[in-house]
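Chemist: Requesting a structural model of the entry that follows:
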Amino acid sequence: MFVGITNTPRDYAWGSTGEISALLGLEERHRTEAELWLGAHAGSPSRVVGEDATLLDIVDGRLPFLLKVLAAGSPLSLQAHPTMAQAQEGFARENALGIPLDAAERNYKDAFHKPELIYALSDEFDALCGFRSADSLRAILDRLGVSIGLLTDDASLRGVFEWLITRGPGVDELVSDVVARADGSTPELDTVRLLAEAYPGDPGIVISLMLNRVTLARGEVLYLPAGNIHAYLRGVGIELMSSSDNVLRGGLTPKHIDVPELLSVLDFRPVAVPYLAAEHPSPTVEVFRPDVPDFVLAVIEDEGSYELTGPAIALCTDGDLEVVGAHGAYNLSRGDAVYITGDEGALSFAGLGTVFLATTGG
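Modeler: Numbering: from 1, shown residues only. Predicted coordinates for the structure are as follows:
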């Protein structure tokens, strides 16, 4: 079964003006557009085209993934997401405490994890992702002519982070010194200036130096597993994640920060930039397959095929294509999206254009 779906971009403050509408050929809305959600998440379920219904009314059970078009005009908050076990325990604990689901201090809105990937659509997509080594951080601080006494080896990163996020003695002075000395000569120092304009005085400005700073080229992908602290800085991309709303924030936000819970979730081990390499089953198909069964992203250019093992959502960002399954077919033009049931099996795409296909990992 093929079901046409649509939605309205969400207008979070960090979004950009008109980039999602321009990408998808939609009517210009002259307002901030941050995320377009395609899925069955209760926070913003997709609407069924031509019917007074949402995808929640169509999907049998829980759709395990959520596909988004994201446009960051300014930096998002530093954040991380729990493992499945942490989410289940945290959700049950907060329910037992009687904390309303919509309360500002609520950390766990559901009992699911939220790993995610981001595919860069803009020529450049800037992000922070995962902790760098203590030696790498020290080199940046030396360049600025500042130091952090707590910083010794990689095992000290947790203590440094906790000191910063809790605004321990000397943090405000360090933030001021770092901002004053950041000349924009490197991507890391350019980010300091960007964050200082958006969130003056926030300890997240210095925390950003603890993290890998990456600029994705169009078509490159990051995969952010549970515990990976990250923030998108600017750019347009396709985001695919497990369908959850569990976010632990770590700075660069006026919203609630639960420091003890954040510390229990974060993975402080230094990591390389977590690129996700593509599989190439054919010259016109790329497949990005993370280490969770919840989602897979396939990118089809002009023609190709993909064997479904579960439900899927296809989004056309350019041109016109037809997708044919075992029981039906659907014509996609730029800006169109369709929900596809798993029994359509082997999908064939033909035409001239680009389709992003989100589905389960099987």
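Chemist: Are we agreed that Ala127 is in a strand?
Modeler: Yes. The assignment for Ala127 (DSSP: H, G, I helix; E, B strand; the rest coil) places it in a strand.
Chemist: distance of it from Gly170?
Modeler: 28 Å (C-beta to C-beta, to the nearest Å). The way it works is simple: take the backbone N, C-alpha and C, and place the C-beta from them, glycine included.
Chemist: who has more neighbours, those two?
Modeler: Ala127 (26 against 13; other C-beta atoms under 10 Å).
Chemist: So what sits opposite that one in the bridge?
Modeler: Val214, Tyr232 (DSSP bridges).
Chemist: What residues does it make contact with?
Modeler: By C-beta atoms under 8 Å, 6 or more residues apart in numbering, the residues touching Ala127 are 118, 213-214, 216, 222, 230-233, 235.
Chemist: Which member of these is positioned nearest Ala72?
Modeler: Relative to Ala72, the closest of the contacts of Ala127 is Tyr232; by C-beta to C-beta it sits at 4.8 Å.
Chemist: So that closest one versus Ser333, what's the distance?
Modeler: Taken as C-beta to C-beta, the span from Tyr232 to Ser333 is 28 Å.
Chemist: Comparing these two, which shows the higher neighbour count?
Modeler: Tyr232 (24 against 13).
Chemist: And Asp135, which helix or strand is it part of?
Modeler: Using DSSP states H and E, Asp135 sits in helix 134-144.
Chemist: buried sites along that helix?
Modeler: 134, 137, 140-141, 144 (16 or more other C-beta atoms under 10 Å).
Chemist: and which of the residues you listed is nearest to Pro274?
Modeler: Using C-beta to C-beta, the buried residues of helix 134-144 come closest to Pro274 at Leu137, 17.8 Å.
Chemist: Look up the closest residue to the closest one, ignoring the ones flanking it.
Modeler: Leaving aside its sequence neighbours, Leu137 sits nearest to Met210 (C-beta to C-beta, 6 or more residues apart in numbering; 5.6 Å).
Chemist: Can you get me a residue count around the one you found?
Modeler: By other C-beta under 10 Å, the residues close to Met210 number 25.
Chemist: and Pro9, how far is that from Thr17?
Modeler: 11 Å.
Chemist: wait, Asp267
Modeler: Asp267 is 35 Å from Thr17, by C-beta to C-beta.
Chemist: Could you do Val299 as well?
Modeler: Taken as C-beta to C-beta, the span from Val299 to Thr17 is 26 Å.
Chemist: Next: Thr83.
Modeler: From Thr83 to Thr17 the distance is 36 Å (C-beta to C-beta).
Chemist: what are the ranges of the helices in the stretch 51-200 of the chain?
Modeler: Assigned by DSSP state H, counting those that start in this stretch, the stretch 51-200 of the chain shows helices spanning 84-96, 134-144, 157-165, 171-181, 187-198.
Chemist: where does the chain have low pLDDT?
Modeler: Within the chain, the stretches with pLDDT under 70 are 362.
Chemist: Could you chop the chain up by domain?
Modeler: 10-127+216-257, 132-209, 279-359 (automatic domain parsing).
Chemist: Tabulate those in JSON lines, adding columns for distance to Met1.
Modeler: As requested, these are exported to JSON lines (distance: least, C-beta to C-beta, whole Å):
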{"stretch": "domain 10-127+216-257", "distance to Met1": "8"}
{"stretch": "domain 132-209", "distance to Met1": "44"}
{"stretch": "domain 279-359", "distance to Met1": "4"}
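Chemist: Of all the ones you listed, which one is nearest Phe2?
Modeler: It is, among the domains of the chain and with distance given as C-beta to C-beta, domain 279-359, at 4.0 Å.
Chemist: what about Arg29, how many neighbours?
Modeler: 14.
Chemist: That one contacts Ser21, doesn't it?
Modeler: Yes. Between Arg29 and Ser21 there is a contact under C-beta atoms under 8 Å: 5.9 Å.
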